[in-house]
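Colleague: Starting from these lines, generate the structure:
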Amino acid sequence: MSWTYLLTAALFEIGWAVGLEYTKGFTRPIPSVLTVGAMVISMGLLAQAVKVLPIGTAYAVWTGIGAVGTAIAGVVLFDEPRNVTRFLFIGLIITGVIGLKFTGSH
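Modeller: Numbers count the residues shown, from 1 in each chain. This next block holds a predicted model:
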């Protein structure tokens with residue numbers, strides 16, 4: 001169950017990171033409320049996950065999934081650069097997250 005909490009927390013992290021773009025510096029009320037809500041849910045689920053998982057593993061996986069998801073969302077939603085080097089480094093993050101899953105789980 002702790003990995004389910006962690007993966008869900010990471011999805012909400014992607015949501016709030018992407019949501020920051022839509023808040024326009026927290027000047028738009030609805031996107032701001034949704035973004036802060038996603039932050040709270042993400043942190044709450046991360047807190048549940050670290051009751052069982054090692055903090056180093058959980059935090060690294062959480063931020064890794066968040067970074068990859070946010071980078072991909074940036075390409076898809078905000079027309080950020082699309083190049084081989086960018087995707088190579090995203091692939092390295094994914095490799096690290098998978099490695100942590102298999103070496104740091106309970």
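
Colleague: Tell me the predicted confidence for the residue nearest to R28 when sequence neighbours are not counted.
Modeller: Using C-beta to C-beta, 6 or more residues apart in numbering and skipping the chain neighbours, the partner closest in space to R28 is Y22 (6.8 Å). Heads up, the C-betas are built off the backbone N, CA and C, glycines and all. Among the per-residue scores, Y22 holds a pLDDT of 97.

Colleague: which element is Y22 on?
Modeller: Assigned by DSSP states H and E, Y22 belongs to helix 2-23.

Colleague: Now do that helix: everything it contacts.
Modeller: For helix 2-23, contacts defined as C-beta atoms under 8 Å, 6 or more residues apart in numbering pick out 28, 31-32, 34-36, 38-39, 41-46, 48-49, 51-53, 58, 61-63, 65-66, 69-70, 73-74, 77-78, 101, 105-106.
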